[in-house]
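In: only geometry, no sequence info:
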């Protein structure tokens, strides 16, 4: 073996150290402190002593357990006496009183109808905005009976739970509750989103994407779809070619289509994009109205996305996802054009 001590001095030191150590006898076990006597004799194994030690240690543990058993039992007793009764009284569901079973408080009835929050409802009640059975009701603690007819600002309201779901519709889904041909509908996207029988507000054609509201609030649905209310919608439009400036002005001034005259509320090119991308603001709810406007001028709409509907936006709502409206959003919808 070649000499490599000049490469690693430590190697030489370790080698010398091992050579200086005395070799143990063949078959002998290495000595360890505390295990054998100095003479190297193995201590005899005493089974009786081992059993005595085991019994003695077991007795000690038993005595120790008996010593600690009493305070543990006392602690457990205190827990049973003090904690469960008070804890159970706090978390047990409160049974409705006989008065609560007779009817629902008027402010809660108004809140459940989606008009406003309870605190605001008290203000409306005190101001005389609420009628019960044809008479103004200013009593804040009044309980509405099942046979009562409640009106808010002259319109009937119902305490049935209203649900409002906002969907960011993807391409390829039909806006209907069911399809005879078995095609995918928007109801497949909101399955389990609501307990009530929600329906789409208006419609988006199969190739159009973007915001679609679904609800079981028939009064709000009628309000948002009726032309007289002029609910604003904003679309992002992508054409197959650049929009000529002359056609841009024609759309601004209004066009006559097969079903009558139509004029958009506003139209503009998307900043920083080619002139085939536009934003169109319109309140008309006619079928395929945005597509038909551009088709009448010889353009093909390659992409149509509704980005705003009645003040609602797609913020934090990915394509194909849905979310319930907040209470404030519902109030804003009900107060449109007031």
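Out: The structure has been received and is ready for your questions. All of these numbers come straight from a predicted model, not from anything done at the bench.

In: where does residue 30 land on pLDDT?
Out: Note on residue 30: pLDDT of 53.

In: how about the helices in this structure?
Out: For the chain, the helices defined by DSSP state H cover 9-20, 47-91, 98-102, 106-112, 118-127, 186-189, 218-225, 245-253, 289-295, 327-334.

In: Name the residues of the last one that are buried.
Out: Neighbour-count burial for helix 327-334, with 16 or more other C-beta atoms under 10 Å as criterion, is recorded at 329-330, 333-334. (Glycine included, C-beta is placed from N, CA and C.)

In: Distance to residue 258 for the residues you listed - can I get that in a markdown table?
Out: Conversion of the buried residues of helix 327-334 to a markdown table gives the following (distance: C-beta to C-beta, whole Å):
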| residue | distance to residue 258 |
| --- | --- |
| 329 | 36 |
| 330 | 37 |
| 333 | 32 |
| 334 | 35 |
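
In: contacts for the longest strand along the chain?
Out: Ordering each strand of the chain by length in residues (DSSP state E) puts strand 301-309 first. Contact with strand 301-309 is made by 204, 207-213, 231-240, 290-291, 294-295, 313-314, as judged by C-beta atoms under 8 Å, 6 or more residues apart in numbering.

In: now that strand and helix 218-225, what's the angle there?
Out: 130 degrees (axes from the mean of the first three to the mean of the last three C-alpha atoms, to 10 degrees).

In: partners of strand 301-309 in the sheet?
Out: strand 209-215 (parallel), strand 233-239 (antiparallel), strand 312-313 (antiparallel) (DSSP bridges).

In: got the buried residues for that strand?
Out: Using 16+ other C-beta under 10 Å as the test for burial, strand 301-309 gives 301, 303-309.

In: ok, back up a step: lowest mean pLDDT across the helices of the chain, which one is that?
Out: Sorting these by mean pLDDT places helix 47-91 lowest, at a mean of 43.

In: before we move on, back to that, and which of the buried residues of strand 301-309 is nearest to residue 271?
Out: The closest of the buried residues of strand 301-309 to residue 271 turns out to be residue 307 (C-beta to C-beta; 14.5 Å).

In: still on that earlier bit, from the contacts of strand 301-309, list just the buried residues.
Out: Buried among these (16+ other C-beta under 10 Å): 204, 208-213, 231, 233-239, 290-291, 294, 314.

In: now residue 261, nearest residue through space, not along the chain?
Out: residue 254 (5.9 Å; C-beta to C-beta, 6 or more residues apart in numbering).

In: what's the answer for residue 164, then?
Out: Nearest to residue 164 is residue 325, by C-beta to C-beta, 6+ apart, at 4.0 Å.

In: Just the local confidence number for that neighbour, please.
Out: In this model, residue 325 carries a pLDDT of 96.

In: For it, the count of nearby residues, please.
Out: For residue 325, the count of nearby residues is 19 (other C-beta atoms under 10 Å).

In: Please name the residues that touch it.
Out: Counting by C-beta under 8 Å, 6+ apart, residue 325 has contacts 164-166, 213, 312, 333.

In: want to throw these into a markdown table with distance to residue 260?
Out: Conversion of the contacts of residue 325 to a markdown table gives the following (distance: C-beta to C-beta, whole Å):
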| residue | distance to residue 260 |
| --- | --- |
| 164 | 32 |
| 165 | 33 |
| 166 | 31 |
| 213 | 26 |
| 312 | 28 |
| 333 | 28 |
